[in-house]
Structures are given as structure tokens and as C-alpha cells.
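K.L.:
Got a sequence here, can you build the structure:
(2 chains)
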Amino acid sequence: MIEGINNFILRNAHVIDPYTNEDAIRDIGIMDGMLTDPEKVLNPLEIDLQGMVAAPGFIDVHVHLRQPGNTAAETIATGTKAAAAGGFTGIVPMPNTTPACDSASTIEYLRRHTAVDSVVRVYPCGCLTKNYAGEEMAPIGGLKNAGVMALSDDGRCVQNHDLMRHIVEYAKSFNLPVLDHCEDNFLKGPGTVHEGKWSILCGLEGMPSATEELMVERDIILARMADWKIHIQHISAKESVAAVRRARKEGVKITAEATPHHIALTDEKIYSYDTNYKMNPPLRTETDRQAIIDALADGTITIIATDHAPHTLTAKMVEFDVAPFGIIGLETAVPICLTELYHTGRLSLMQLISKFTLGPTELLNIADHSLTNGNPADITIFDPDFEYVIDKEKFYSKSRNTPFHGMKVKGKVFGTMVCGRLVFDDLAERRTK
Amino acid sequence: MELKWTRKDLLSLKELSPEEIVFILDTAAEFKKVSERNVKKVPALRGKTVVNFFVEPSTRTRVSFELAEMRLSADVINVQASTSSLKKGETLLDTIKNLEALQVDLFVMRHSAPGAQEFIAQHTKCGVVNAGDGAHSHPTQALLDIFTIREKFGRINGLKVTILGDILHSRVARSNVWGLLKLGAEVTVAGPSTVVPKEFESIGVRVCHNLRDAVKDADVVNVLRIQHERLNASFFPSDSEYATFFGLTPAVLNYMRPGALIMHPGPINRDVEISSAVADGKQSVILEQVTNGLAVRMAVLFLVAGCVKK
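P.N.:
Alright, predicted model coming up:
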């Protein structure tokens, strides 16, 4: 036995595994951090998961940990604890830190600190361009050697199409997917919200859906040219969704993620001027929201990612115009998505789980993630029918900028296991031995 | 039935009932008489402190509010953004909290950020009167416009009112639209399509991009200023082209109703959105709007001050 790690038998778990299409109630054995035949587990702790789902560990490909640079809002320690509490066994932190993750040394910093502070797996992501300024290509080969698994200039979008073309081609030689925050700077202008009825009535500067659609179409063209993987981050407009659907049918290597807030909320919320409804891309209309849900159901969108964007109360308690974009999402994603997608009948549990598992691992090229004996024991445990009210004061995240506080949800994460360690454990009442 | 005013803040007309709007107008009519007397002062706000907190430059609105406060016998402090702590990095909320700690009663606030007053009103016990928040709302301007129209026609219900100009960037337009709709007017917004969003149709407003169609049946045309400071992108080619196609000139008056009122919230760009001949002509009530603004602001300050509980 490995010291400090318990062995487990999870009894009566409803195993739902998109990698193997398994949908069955069985016991899961865990020994020395690995999935094992339950009969062979020595000295196990036993937990009865009657009524709960056990799925391969959820991965969030879009998180801001804010370290280095803004540790008042979040740290590697608090952000990864929040991830664990949200049911995530792995996360991809975006590289737009200060300094940015645009060199091997920043990636080394991240890896050194995550080794000590992180309770979940952290898959590093490097910048596309130096200081994500969109002007010069970042040292992509060096980033790959330092351990990045993806590239992104998240928060900004490379406007120079020729530079972006070469980045995509160059990333291909290092087998790194390109993650893009799609936004045309001219069309965005000073926009803070979706351009439409509510921006007009509120007198807030709008950014039209075309701001995103234009760059999504650009990326489809470049992905086709380079025959390489571009992943559309936080897709928000129905036009972008239609473009991705069409491109995927043509065989272009395009994937897309949707956030829980674009799945659950629409832009009429901005009339409160509550800065927790200010995010980029912005909340859009009900038609856009429905298009995103349809695309999740038909497989056009393969990933749900949170865009967890912590900001201090001080930063958000200001005029709407000057508040930073973004909300936290790690600790609300699973309950919100169960409520809005599963309990509404739009997605099956198998489909929903695949958006947190199969979609992300295909993008990041992660193998051995199924709940098959011999694989590392990365498991997300949730009760899809447990009802509760979201309380931001109970979050592990250092920040509280959520629009979901006080919302009644159906579905709760009860346990998160990373390589055999229960890094989030709300299962005390289920212990039988 | 006597309506009781219950709001400590006046933030926008969207949230008011038609009865509340009429109540303000009736109160303003009483206060208008005060300014026509020899002694133009009443003790209504004696012992109250009003802070005119302007985070965006203003002359006419601030002077109008300041005079209204003086005629109500309030103590008045003017705070300008350029001289305030905001320049030193203090947050807006901290600045307001510090002023509140000095036991002031009311904030009259202008800010370039839409919703800033609503944000502040949620976090202070003092009353907040919105003197303009970005492109969102300017309720006292709309109230004085509606007061002026009502004075001339004796009603609002059924009147055809056209608001002409840069609707997109105009808080005056948005406030007038809500107030006029609530009181039963038929509202048209008009001007070039780049600055007159079709989304206004969703709340029952006619949207029109042809000047003649927009004004020919109107009882009132409210002309908005071309706000060069807000037009940070190319919305139309030039002032002269704007004047040619959308300016209110004597030629345009020829195909309007003879008794139609011409209004403008000021300041005027003469011979851009309105010709001097029209602005100074007999249909123009532009200076009466200014006079009525004082009465409306006295009424608003009086009503909200009565609801501030400290």
C-alpha cells in the first residue's frame, strides 16, 4: 500500500462512462490510486453510493486561477479546491496571468506551485503570442517542452489573420490544439453587453453577435487551410453555433465549448446593472441560449467549460461600465447543467457527462480516462436529484462573483477523487466501513 | 384619492407608474408659481443638505438643480469628478459613503456610466436623484419636456410626439420614450438608421428613418443634440450631411402641422440639428423648457427628500 492513500470500495455506484458506454450499477474498487477489481482491494474504506452517479473525472478546459498576478482574487490553492468542490478532477488554467504563461519559465512556475498547492490535476496552457498581445508568436516549441497541453490567448483574440494562420500551422507540428477567444476588436468597440433590445434600453454599449461570428468563421477557414485543431472557447451566438455545425459536417477540425452561464442565463438580466451579469462573451438572447442547448444535444458542442473568472468584491462593486468581465463557475457548473440540461430532458446523463469528460480529453489528447480497471482513479460522484440552494458563502473559491447565488438547483456533487485521493468529500454519511 | 409619494430615489421613468408621473407634474405646477413671485424661496428643504455629485461635465442641468435646491432653502455642495477622490483611485461607492458619513440627505448625481445611480441608490440611505447616467436615463429632463407639452396641449394622451436625432446615445430620448408611453402618447423615434435602433419597436415605439414621414403628423418634435463627445465611431459622414437630411429647417416646418411644438433639450448646435430660424421661431418652446426644468426639479427634490429616512 502507498502511504497516505486509502483504498476504497464504492458500493452500488451508478457508473455512467461515456468512454465505454457503460451505464450500470456496480461496485468500484480503488487500490493505490488505481481502479481495481473490488474483490482484490486490501483494507478498503467502504462508501455506499446508492442513488449516486460515479463518472470519469470531470475536466474544465477553461479556468482562470489568477496566480501569478492577482492572488487577491484567486490562487492555485483556492482555485483548485473550488474545482474539487465542483466535481472537477482536472482543469486547464488560462495563460493570461501576470506575467503571462508565454514562456517556459512561467509554465515552470505554474508547475512548481501546482505540485505543492493543487488538489486536482492542472493541465498547463501557453499563450499563442508573446504577452498575449497578438503581435509576435510565442515560443510554442519551448512551451510544449515545458509541458503545455494547449495554446490560447484567452481574453484577447489575435486580430492579424496572417499571424493566426502561421500559429495554427506551427502548433500543428507540436500537436497542440489552438483554443481561441473569438472576437473582432473593431466590432466589439467599447461594448460591454450583447447588442440588442436590452443594451438599447439600458443605454449600455453593445457588441453584436457578429463580433464573435466573424472570428469563428475566420478560424474555420484557418483550421481548414492548416488541417489542424481550433477550439472555439465559450461560444455564445447562434450564428457561431451554426457555423461550427456546418464546418464539423465538412470535416474541419473545429470543436467548441459552452459555459453554464450561456446555457442558463440571457441578456435581460443586465437591466439590474448587476456586474455579475457582465461577462465576455456577453449573455445573449433566448434564441442564442436555445441554439447552444440544441448544439450540445446534437454533438456540435462537445465540451462544457466554466470560464471561471474570479474577481474581488472591490473590483466588481463598481459602475457596470468599469467592472471587469467574468464570473466564477467551478462550484456551480455541475448543478446548473444538471438543472438546465438533464432535468429539462434536453440531454441524457450520458450526454451531459461526455461534455465534461470525453469532449475535454479528446481536445487535450488525454488517454486512459475511463472507469476501467487499471486506469488512475479519477472519479466524479454526484447525486443528480439532490435539491439545494446555491450559497456563495460556502464556496472554496476566494471570490464570490456569481450570478447563481440563491438559485435553487437539482443535482449536487458529493465527492471528487483524483488518483485515489478524495479531494472533495461530502460523503461522510455514506461511510459503511 | 391623494397619491402618496414613497420613493427616496428618482432613477428612471421606466419604474414609475403613470399616476406617479402625473403627481410629479402636478407638484411641479405648484412650484412653478414660487418662481413667479417676488420672493422666490420656500423653506421646504431647510436644514437638508444636497450634494450635486457630477462625474460628467454639466452646466445647465447642474445650475438648474442648484437653483432649485436654493429656492427650496437646502444647503448645497457641488462635487465635480475632476476635484473628487475618484481621480485618486477611490471607488465611487467609497466616495459616496464618505459623503454620507457627513450626514448629507440627498445626492443629485450625474455619471457617464449607465446604471451608476441605481448601483449607488442600493448602497446608500440618502436619496438619489438621477441627473443623467450615460445613455440610459435623464428623468428630470423628460419630466420637464412632458410638463411643457402638457402645459401647451392640456394632455399627453393621444398626442403624436417625434424624437429626432441621435437616439442611440441619448438618455433624453430613452427617458422621454418611457414617460410619454406611460401617459398614452404615440411616440416616433427618427434619424439616420445608424443612430436610431430598430429595437425601440419592441416597446411600442415607431422607428422612422425618413424625416418627412417622421414629422408630418407630429404634434411635437423634440430635436436632440448631436453629441459629438459620444459619437466615437463613424455614424454619419458629416454635420453638413446630417443637417441636409435630418436637420429641422424652415422648409421642414412647411409640411408639418402648423401648431406643432418644437422642443430641444439643449445645448443647441445651431444649424446642425436645428436651424436658428426654427429654434428661435414662434413654434419653439426651448426656453420655456428651461424655465419649467426648475419647477420640475424643485418638485422632484421636495418629493424624494420627504422619503429619506435616516
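K.L.:
Name the SS class of the residue in the stretch 201-310 of chain B that chain A sits nearest to, please.
P.N.:
In the stretch 201-310 of chain B, the residue found nearest to chain A is residue B:202; the distance is 5.1 Å by CB to the nearest CB. Using the backbone N, CA and C atoms, a C-beta is placed for each residue, glycine as well. Under DSSP: H, G, I helix; E, B strand; the rest coil, the three-state class of residue B:202 is helix.
K.L.:
which residues sit in contact with it?
P.N.:
Residue B:202 sits next to residue A:197 when contact means CB atoms under 8 Å, 6 or more residues apart in numbering or on different chains.
K.L.:
ok, now with 10 Å
P.N.:
Residues near residue B:202 by CB atoms under 10 Å, 6 or more residues apart in numbering or on different chains: A:196-198, A:200-201.
K.L.:
so which of these also contact chain B?
P.N.:
A:196-198, A:200-201 (CB under 10 Å from any CB of the partner chain).
K.L.:
mind listing the helices for chain A?
P.N.:
For chain A, helices defined by DSSP state H occupy the ranges A:76-85, A:104-117, A:140-146, A:161-173, A:185-188, A:197-202, A:210-226, A:238-249, A:260-264, A:286-298, A:313-316, A:333-337, A:349-356, A:358-364.
K.L.:
hmm, I was thinking of chain B
P.N.:
Going by DSSP H, chain B shows helices at B:18-34, B:60-71, B:92-100, B:116-121, B:139-153, B:171-182, B:211-215, B:239-246, B:250-254, B:276-279, B:286-305.
K.L.:
How much space separates residue A:129 from residue A:169?
P.N.:
14 Å (CB to CB, to the nearest Å).
K.L.:
Most neighbours among the ones next to chain B among the contacts of residue B:202, which one is it?
P.N.:
residue A:198 (23 neighbours; other CB atoms under 10 Å in any protein chain shown).
K.L.:
Could you chop chain B up by domain?
P.N.:
B:9-137+B:291-305, B:139-287 (automatic domain parsing).
K.L.:
Any idea how far apart the tips of the longest one sit?
P.N.:
What that stands for is domain B:139-287. Terminal residues of domain B:139-287 are spaced 19 Å apart (CA to CA, to the nearest Å).
K.L.:
which parts of the stretch 1-150 of chain B sit against chain A?
P.N.:
Residues of the stretch 1-150 of chain B found near chain A (CB under 10 Å from any CB) are B:12, B:14, B:55, B:91-94, B:111-120, B:122-123, B:133-138.
K.L.:
Recalculate using a threshold of 7 Å.
P.N.:
Counting by CB under 7 Å from any CB of the partner chain, the stretch 1-150 of chain B comes close to chain A at B:91-93, B:111, B:113-116, B:118-119, B:134-136.
K.L.:
Show the buried residues in these.
P.N.:
Using 16 or more other CB atoms under 10 Å in any protein chain shown as the burial test, the residues of the stretch 1-150 of chain B next to chain A include B:91-93, B:111, B:113-116, B:118-119, B:134-136 as buried.
K.L.:
Columns pLDDT on top of the residues you listed, output as TSV?
P.N.:
Formatted as TSV, these follow (pLDDT from 0 to 100):
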residue	pLDDT
B:91	89
B:92	91
B:93	93
B:111	94
B:113	94
B:114	96
B:115	96
B:116	96
B:118	96
B:119	96
B:134	94
B:135	95
B:136	97
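K.L.:
ok, now how distant is the residue nearest to residue A:215 when sequence neighbours are not counted from residue A:211?
P.N.:
Spatially, and ignoring its direct neighbours in sequence, residue A:215 is nearest to residue A:182 (3.6 Å; CB to CB, 6 or more residues apart in numbering or on different chains). Using CB to CB, residue A:182 is found at 8 Å from residue A:211.
K.L.:
swap in residue B:158?
P.N.:
From residue B:158 over to residue A:211 (counting by CB to CB), the distance is 42 Å.
K.L.:
which one of the two has more residues nearby?
P.N.:
A side-by-side neighbour count of residue B:158 and residue A:211, using other CB under 10 Å, places residue A:211 first with 27 against 11.
K.L.:
burial measure for the closest residue to that one other than its chain neighbours, as a count.
P.N.:
Closest residue in space to residue A:211, ignoring its immediate chain neighbours: residue A:187 at 4.2 Å, by CB to CB, 6+ apart. Each residue near residue A:187 was counted by other CB under 10 Å, and the total is 17.
K.L.:
List the contacts of residue A:187.
P.N.:
A:207-208, A:210-211, A:214 (CB atoms under 7 Å, 6 or more residues apart in numbering or on different chains).
K.L.:
Next, count neighbours for residue B:78.
P.N.:
14.
K.L.:
what's near enough to touch it?
P.N.:
Here residue B:78 is in contact with B:52, B:66 (CB under 7 Å, 6+ apart).
K.L.:
again, 10 Å this time
P.N.:
B:50-54, B:62, B:65-66, B:108.
K.L.:
can you list the residues you listed in JSON lines and add pLDDT?
P.N.:
Formatted as JSON lines, the contacts of residue B:78 follow (pLDDT from 0 to 100):
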{"residue": "B:50", "pLDDT": "98"}
{"residue": "B:51", "pLDDT": "98"}
{"residue": "B:52", "pLDDT": "97"}
{"residue": "B:53", "pLDDT": "96"}
{"residue": "B:54", "pLDDT": "95"}
{"residue": "B:62", "pLDDT": "95"}
{"residue": "B:65", "pLDDT": "98"}
{"residue": "B:66", "pLDDT": "97"}
{"residue": "B:108", "pLDDT": "98"}
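K.L.:
Below-threshold pLDDT in the stretch 251-400 of chain A: ranges please.
P.N.:
Within the stretch 251-400 of chain A, no range satisfies pLDDT under 70.
K.L.:
How about it: which residue is closest to chain B?
P.N.:
Counting by CB to the nearest CB, the stretch 251-400 of chain A gets nearest chain B through residue A:273, at 3.0 Å.
K.L.:
How many neighbouring residues does that residue have?
P.N.:
24.
K.L.:
mind listing what the closest residue to it other than its chain neighbours touches?
P.N.:
Excluding the flanking residues, the one nearest residue A:273 by CB to CB, 6+ apart is residue B:115, at 3.0 Å. By CB under 10 Å, 6+ apart, the contact list for residue B:115 reads A:202-204, A:270-275, A:319-321, B:11-12, B:133-134, B:136-137.
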